[in-house]
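Participant: Sequence plus predicted model, see below.
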Amino acid sequence: MPLPQIDPANYAAQLADKVSRYKQDFAACGLPEPEVFASAPLHYRLRAEFRIWHHDGRIDYAMFDPAAPKTPVLLADFPPAAAPIARAMPLLRDAVQGVEALKRKLFQVEFLATLSGELLVSLVYHRPLDEAWEAAARALAAQLGVLIIGRSRKQKIVLERDWLLESFELDGRQLRYQQFEGSFTQPNGEVNRHMLRWARAQAANLGGDLLELYCGNGNFTVALAPLFGRVLATEMSKTSVAAARYNLEANGVDNVTLVRMASEELSDAFAGGREYRRMQGVELAGYRFSTLFVDPPRSGLDAATLALAAGFDRILYISCNPQTLRDNVAALQASHRIAAAAAFDQFPYTHHLECGVLLARR
Ligand SMILES: C[S@@+](CC[C@H](N)C(=O)[O-])C[C@H]1O[C@@H](n2cnc3c(N)ncnc32)[C@H](O)[C@@H]1O
C-alpha cells in the first residue's frame, strides 16, 4: 500500500467509503446501521516512527513508500502526529543535528505520546551506546522536556522511565493508564475514548459478571469493570499484564481478577482441559458470566475461543480487522445476532477501520 495522502478535504468522503464497504461486507450478517465515530482529521496519532536519513551532512525524518522502497520520502513535519509529537519533531531533529554523540549512526526515531501531554522518544542506533551518548541524551531530554530511551543491538538505556502516564475523562471519571514503550496501546487517543464510551453504553444494562480476553494494559477493563459484578480479565503479554495491574489500582478498580494467559489456554481451562497453575485460586464455577468482551489482534478469534464465545449470552467485540470479525460473526450466526454496531476511524486516510459489534443470543 502506498504512503497515505493526508488531505483533510478528502477525510469525510474517505470515511464514508470505508463505512459503506463495512456495511456491504456485513450485508449477509444482518448488520444494524453502525454508529460512526470520526477521527480528528489531523494530529490524531499518539505513535509515530521514522527512519533517520543522513544526507549532505544533515539529518531528516524519512518514510518509505512500499512502491519505491529505496527512495526516502523526507518529511519536514507529519500532520497525523498528535500535538506533543508534532511540536517535538523539528526541535529534536535540529538538536540531534548539532550533537555528534546523538547523531552518529542514529537509524530510527519512535515517538509515543499521550492525551495528557507526555512524550517518550526512542532513539535507535546502529552502534553501541556509551557514556557520551547518555550525557548528551540527558541534556536533550531536559532541553525538550521529554523522556528518552536509547536502543541499539542488545542494548536499551532508559534515562528516566520507559512508560508514560495517560489520563483522560470518561463518563465523569478521570481515568489513568500506565503505557509501556513497546507494548500495545491504542494509536488514536480520541477515537479510543469513543470506543470506551460506546463499549460502556452497550454494557450499561447487562449486569452479571464479565469475562475479558486480550485485555492489554486494561484499557477497556478499567472503563467497563464498574458496570459488572466481577470481572475475570486475561492477557498474554507480561508487560501489559503488569501495566494492567498498575492501572486497576491507579483507578481504584477492585472487582477484577487478572490472569496472564493466552486466549487458547483460557478457552481450554473453561472447556475443562488441563489444570493451569496461573488459574489457581480462580473458581470459574463461582462466576455468573453474562458477557464476553474481546479485542483480539488482527487474526481474530481462534477456533477454541470461538467455541468459548458461543456459550455467552452477550459478546461485545472490538476488532481492528473487519474481515476476521466478519468470519467470526458468521461462525456464530446460528446462535447470535448483531444487536448493535459501530465504526471507529482509528486510522484515517488508510483502508483500515476499527469495528465494534454487540452480539446477542438469538
Ligand atoms: C488489539 S490489542 C487490545 C488490547 C487492549 N484491549 C487495549 O484496548 O489496549 C490485542 C491484545 O491481545 C494480546 N494477545 C495477542 N494474542 C493473544 C492471545 N493468543 N491470547 C491472549 N492475548 C493475546 C496482545 O498482547 C494485545 O495486548
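Facilitator: All right, it came through fine.
Participant: just checking, T350 touches I6?
Facilitator: No - at 10.3 Å, T350 does not count as touching I6 under the criterion of CB atoms under 8 Å. In this view, the C-beta of every residue, glycine as well, is placed from N, C-alpha and C.
Participant: Look at the residue of the chain found nearest the ligand and tell me its secondary structure.
Facilitator: At 2.6 Å from the ligand, G216 is the closest residue in the chain, using CB to the nearest ligand atom. Under DSSP: H, G, I helix; E, B strand; the rest coil, the three-state class of G216 is coil.
Participant: what's near enough to touch E190?
Facilitator: Contacts for E190 (CB atoms under 8 Å, 6 or more residues apart in numbering) come out as 39-40, 44, 115.
Participant: hmm, I was thinking of A141
Facilitator: Listed by CB under 8 Å, 6+ apart, the contact partners of A141 are 147-148, 159-160.
Participant: Repeat that for A81.
Facilitator: Shown in contact with A81 (CB under 8 Å, 6+ apart): 43, 45, 48, 89, 111, 113.
Participant: Tell me the backbone dihedrals of the first one, please.
Facilitator: When read as degrees, to the nearest 10, the backbone of H43 gives phi 60, psi 50.
Participant: ok, it - contacts?
Facilitator: 79-83, 86.
Participant: near the ligand, which residues of the stretch 101-250 of the chain?
Facilitator: 184-186, 214-217, 219-220, 235-237, 240 (CB under 6 Å from any ligand atom).
Participant: of those residues, buried ones?
Facilitator: 184-186, 214-217, 219-220, 235-237, 240 (16 or more other CB atoms under 10 Å).
Participant: How much space separates the residue of the chain positioned farthest from its centre from L74?
Facilitator: Here the centre of the chain is the reference, and by CA atoms, centre = their mean the most remote residue is D56, at 37.4 Å. For D56, the distance to L74 (CB to CB, to the nearest Å) stands at 11 Å.
Participant: The residue farthest from the centre of the chain: what's it in contact with?
Facilitator: Contacts of D56 by CB under 8 Å, 6+ apart: none found.
Participant: picking up where we left off before, include pLDDT when you put the contacts of A141 into CSV, please.
Facilitator: CSV is the format used below for the contacts of A141 (pLDDT from 0 to 100):
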residue, pLDDT
L147, 98
I148, 98
L159, 97
E160, 95
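Participant: Can you select the buried ones from these in ChimeraX?
Facilitator: Burial among the contacts of A141 is assessed by 16+ other CB under 10 Å; the matching ChimeraX selection reads:
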select :147,148,159
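Participant: how about the contacts of A141, which pair is most distant?
Facilitator: For the contacts of A141, with distances taken as CB to CB, the pair at the greatest spread is I148 and E160 (7.9 Å).
Participant: sorry, back to before: phi, psi for the residue of the chain closest to the ligand please.
Facilitator: With angles defined as degrees, to the nearest 10, G216 sits at phi 60, psi -130.
Participant: Can you list which of the contacts of A141 are found in strands?
Facilitator: Under the assignment DSSP state E, the contacts of A141 contribute 147-148 to strands.
Participant: so where do the helices sit in the stretch 1-150 of the chain?
Facilitator: 8-25, 83-97, 100-103, 131-144 (DSSP state H, counting those that start in this stretch).
Participant: Buried residues, stretch 13-29. List them.
Facilitator: Quick answer for stretch 13-29 (16+ other CB under 10 Å): 14-15, 18-19, 22, 25-26, 29.
Participant: Leaving out chain neighbours, which residue sits closest to E265?
Facilitator: Computed as CB to CB, 6 or more residues apart in numbering, the closest residue to E265 that is not its neighbour in sequence is Y276, at 6.2 Å.
Participant: which strand residues sit across from S122 in the sheet?
Facilitator: Beta-bridge pairing of S122 under DSSP bridges involves E110, I149.
Participant: I'd like to know how many residues surround it.
Facilitator: 20 (other CB atoms under 10 Å).
Participant: now swap in E249 and tell me
Facilitator: Neighbour number of E249 under other CB under 10 Å is 11.
Participant: now swap in the one 10 residues further on and tell me
Facilitator: The tally of other residues near V259 (other CB under 10 Å) stands at 19.
Participant: Nearest residue to it in space, ignoring adjacent ones along the chain?
Facilitator: Nearest non-adjacent residue to V259 (CB to CB, 6+ apart): T234, at 5.0 Å.
Participant: contacting residues for that neighbour?
Facilitator: 212-215, 258-261, 263, 266.
Participant: cool, K238 as well?
Facilitator: Contacts of K238 by CB under 8 Å, 6+ apart are R260.
Participant: so which of the contacts of H43 is the most crowded?
Facilitator: Going by other CB under 10 Å, A82 tops the contacts of H43 with 26 neighbours.
Participant: helix or strand for L359, which one?
Facilitator: Per DSSP states H and E: L359 is located in strand 354-361.
Participant: got a list of contacts for that strand?
Facilitator: 22, 31, 34, 191, 195, 198-199, 202, 312-320, 322, 325, 329, 332, 335-347.
Participant: who does it pair up with?
Facilitator: For strand 354-361, pairing defined by DSSP bridges yields strand 314-319 (antiparallel), strand 336-344 (antiparallel).
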